[in-house]
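J.: just the structure for this:
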Amino acid sequence: MKLYIKYMVSIRCKMVVKDALEKLGLHYVILDLGLVEIMENLTDAKREKLKIALQRSGLELMDDKKAILIEKIKNVIIEMVHYTDQLPKVNYSDYISEKLKLDYTHISKIFSEVKGITIEQFIIAHKIERVKELLLYDELNLTEISYILNYSSVSHLSRQFKKVTGLTPSFFKQLKDKKRIALENIGIV
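T.: Predicted structure coming up:
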């Protein structure tokens, strides 16, 4: 049985879900961002207990088909931008469509209706947050960061960074209080 979980965007979230499943005696086959596949069928009572356990940790068990699709889209983007060494060299629309096995026009329309921003804007917000993260690590220069995140040039990255944050990457790097956004809050209008 597949369960879809909102706000499940990190390894910590996976551990919380794993713990909640174990406490209820449920066994998972797949435990991924936003998705858990369990071996058992859930009784209404266990479903309610799982829902409450997840809510205590800021996670949400989802039933609505549109909400589930939005979470799937968000999780593909989060995984693509934050959990790969280098972004794919294909069009993001092709990548997302292939991952979800759905027509991009359809998912793009639903995403924009529900979230109030385009998938492209959501990707840009996540890429800029990843740039911030990489700048904080101070292991890569802007040229290397722009290559990893598939920017056509350092100036393109810098323009987009400034447009989103109001700061240049070099000025951001010099700030003492570097503001980062939690993954689950990126792209919230």
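J.: can you map out the strands along the chain?
T.: 2-6, 28-32, 35-38, 60-62 (DSSP state E).
J.: right, and these - which one's nearest Ile145?
T.: strand 28-32 (26.8 Å; CB to CB). The C-beta positions use only the backbone N, C-alpha and C, and glycine is treated the same way.
J.: go through that closest one and flag the buried ones.
T.: Tyr28, Leu31 (16 or more other CB atoms under 10 Å).
J.: and for stretch 158-168?
T.: By 16+ other CB under 10 Å, the buried positions in stretch 158-168 come out as Ser158, Gln160, Phe161, Val164, Thr165.
J.: what residue is smack in the middle of this structure?
T.: Note on the chain: the residue nearest the mean C-alpha position is Ile78, at 2.8 Å, using CA atoms, centre = their mean.
J.: can I get the strands of the chain in JSON lines with distance to Pro169 and mean pLDDT?
T.: As requested, the strands of the chain are arranged in JSON lines below (distance: least, CB to CB, whole Å; pLDDT from 0 to 100):
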{"stretch": "strand 2-6", "distance to Pro169": "32", "mean pLDDT": "92"}
{"stretch": "strand 28-32", "distance to Pro169": "32", "mean pLDDT": "93"}
{"stretch": "strand 35-38", "distance to Pro169": "34", "mean pLDDT": "94"}
{"stretch": "strand 60-62", "distance to Pro169": "34", "mean pLDDT": "92"}
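J.: name all residues that make contact with the spatially closest residue to the residue nearest to the centre of the chain that is not a sequence neighbour.
T.: Nearest residue to Ile78, sequence neighbours excluded (CB to CB, 6 or more residues apart in numbering): Val9, at 5.4 Å. The contact partners of Val9, by CB atoms under 8 Å, 6 or more residues apart in numbering, come to Leu33, Gly34, Lys74, Asn75, Ile78, Leu183, Glu184.
J.: the chain - how does it break down into domains?
T.: 2-63, 67-185 (automatic domain parsing).
J.: pLDDT value on the closest residue to Tyr95 other than its chain neighbours, please?
T.: Spatial nearest neighbour of Tyr95, excluding adjacent residues (CB to CB, 6+ apart): Pro88 at 5.0 Å. We have a pLDDT of 86 for Pro88.
J.: burial measure for Pro88, as a count.
T.: 14 (other CB atoms under 10 Å).
J.: same deal with Ser152?
T.: 8.
J.: now Ile77: how far from Lys115?
T.: Computed as CB to CB, to the nearest Å, the Ile77 to Lys115 distance reads 11 Å.
J.: list the contacts for Leu140?
T.: Leu134, Ile148.
J.: check it and give its pLDDT.
T.: pLDDT, read off for Leu140, is 92.
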